[in-house]
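Enquirer: Give me a 3D structure for the following:
(one chain, ligands or ions: 1)
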Amino acid sequence: MAIHTTPTTDTTSLDAGPDAGASTGEVLLEVRNIVKAFGGLHAVDHCSFDVRRGTITGLIGPNGAGKTTVFNNITGFITPDSGTIRYRGKDITGLRPDQIFASGLCRTFQIPREHGSMSVLENLMLVPTQQKGESIWNALFRGAEVRRQEEENRAKALEVLGYLELTHVSDEYAGNLSGGQKKLLELGRTLMTGPELVLLDEPAAGVNRTLLKRLTSNIEYLSRERGITFLLIEHDMNMVMSLCNPVIVMSEGRKLVEGTPEEVRNNQSVLEAYLGGQYAAA
Ligand SMILES: Nc1ncnc2c1ncn2[C@@H]1O[C@H](COP(=O)(O)OP(=O)(O)OP(=O)(O)O)[C@@H](O)[C@H]1O
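Expert: Alright, predicted model coming up:
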């Protein structure tokens with residue numbers, strides 16, 4: 001996919017650049033010297049970076065730079081060949097996705113993974129939040145408590161739907177949602193768990209301008225008001241440059257540059273990385 005820019009005539013909050021000075025918070029996620037090869041291809045090649053608490057950190061780079069593979073390593077979907085990943089100071093390298101998820105680190109996928117034949121509300125209520133109803137013992141002997149927890153879960157799901165302005169589609173099959181609504185639902189699924197760090201894989205892809213504005217302001221709000229830290233992969237440069245600070249640029253499996261949006265925008269090696277990749281072929 002090519003590096004995209006959204007129309008510059010739009011005067012929404014997308015045009016307002018984030019403040020500088022994102023390097024002050026404590027390190028929440030530490031990626032150190034990650035290597036991941038598929039056969040002879042080094043998809044990730046000694047990649048290191050930090051994500052600091054309270055930031056919306058952007059991860060960009062040409063196609064095939066290794067961004068999604070880094071996400072997959074962080075969230076336990078694949079195990080790195082070498083290197084270390086620490087979350088809140090704890091080594092999480094090689095843990096299973098559910099273990100990492102339970103520790104407060106959630107992700108969305110490039111292609112949303114909704115349960116298409118279930119309702120939007122059910123999709124949210126399905127997210128594991130330590131429900132007591134899962135064991136037979138609880139189902140048989142602690143029915144009242146299980147029901148109370150289900151009600152709490154439903155109330156939380158309705159609150160998330162309201163916040164994301166998806167209440168009107170709560171009974172709709174999730175498979176019938178538009179691409180943008182599915183992205184909002186993915187964000188909603190992460191919110192069900194009260195996450196500390198959310199990894200977003202191309203949140204803007206396939207999202208129309210109206211929903212993109214809403215998604216962007218949701219992320220800004222959740223960062224500012226709820227203290228959620230974000231790491232997001234994105235090709236939409238307007239979104240990245242207005243929302244993220246710092247911006248990390250990956251090329252050929254490793255970190256090339258990290259800086260403010262302004263620094264990254266003006267960096268010659270970043271330009272060359274993009275020119276040498278996608279644009280050269282275009
Ligand atoms: N499971 C896999 N098996 C073999 N090769 C893979 C696998 N996953 C990724 N790759 C390769 O690793 C390289 C990095 O892929 P990755 O998807 O991480 O890049 P990316 O930066 O996320 O790209 P894009 O922006 O296009 O999504 C690519 O050459 C890709 O083809």
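Enquirer: Give me the secondary structure label for Thr93.
Expert: The three-state label given to Thr93 by DSSP: H, G, I helix; E, B strand; the rest coil is coil.
Enquirer: what's the next secondary structure element after whichever helix in the chain runs longest?
Expert: Using DSSP state H, we find that the single longest helix of the chain is helix 143-163. Sequence-wise, the next helix or strand downstream of helix 143-163 (DSSP states H and E) is helix 179-191.
Enquirer: For stretch 202-219, buried residues please.
Expert: Neighbour-count burial for stretch 202-219, counted by 16 or more other CB atoms under 10 Å, picks out 202-207, 211-216, 218-219. (C-beta placed from N, C-alpha, C; glycine too.)
Enquirer: Closest one of those to Gln149?
Expert: Using CB to CB, Asn218 comes nearest to Gln149 of the buried residues of stretch 202-219, at 26.4 Å.
Enquirer: can you list the weak-confidence ranges in the stretch 151-282 of the chain?
Expert: 277-282 (pLDDT under 70).
Enquirer: Show me the domain layout of this structure.
Expert: Using automatic domain parsing, the domain parsing of the chain gives 13-114+194-281, 117-176.
Enquirer: could you redo these as TSV and give each row distance to Glu186?
Expert: What follows is these, written out as TSV (distance: least, CB to CB, whole Å):
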stretch	distance to Glu186
domain 13-114+194-281	4
domain 117-176	9
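Enquirer: nearest to Lys183, of the ones you listed?
Expert: Per CB to CB, nearest to Lys183 of those: domain 13-114+194-281, 5.4 Å.
Enquirer: still on that earlier bit, highest mean neighbour count out of the domains of the chain?
Expert: The highest mean neighbour count among the domains of the chain, using mean count of other CB atoms under 10 Å, belongs to domain 13-114+194-281: a mean of 18.
Enquirer: which residues does the residue nearest to the spatial centre of the chain bridge with?
Expert: Nearest to the geometric centre of the chain sits Leu200, at 1.5 Å (CA atoms, centre = their mean). Counting by DSSP bridges, Leu200 forms beta bridges with Leu232.
Enquirer: what about Leu215, distance to Leu184?
Expert: 6 Å (CB to CB, to the nearest Å).
Enquirer: where do the contact lists of the two overlap?
Expert: The contact sets of Leu215 and Leu184 do not overlap (CB atoms under 8 Å, 6 or more residues apart in numbering).
Enquirer: chain center to stretch 145-160, what's the gap?
Expert: 25 Å (CA atoms, centre = their mean, to the nearest Å).
Enquirer: Which other helices and strands does the one helix or strand Ser269 maps to contact?
Expert: Element membership for Ser269, per DSSP H and E: helix 268-274. Packed against helix 268-274 by the contact rule (3 or more CB pairs under 8 Å, 6 or more residues apart in numbering; DSSP states H and E) you find strand 247-251, strand 254-259.
Enquirer: Can you check which of the ones you listed gets nearest to the ligand?
Expert: strand 247-251 (6.5 Å; CB to the nearest ligand atom).
Enquirer: Give me the contact list for that closest one.
Expert: By CB under 8 Å, 6+ apart, the surrounding residues in contact with strand 247-251 are 47, 49, 57-62, 65-67, 70, 240-241, 255-261, 264, 267, 270, 273, 277.
Enquirer: how much space between the closest residue to Met192 other than its chain neighbours and the ligand?
Expert: Leaving aside its chain neighbours, Met192 sits nearest to Val127 (4.1 Å; criterion: CB to CB, 6 or more residues apart in numbering). Computed as CB to the nearest ligand atom, to the nearest Å, the Val127 to the ligand distance reads 25 Å.
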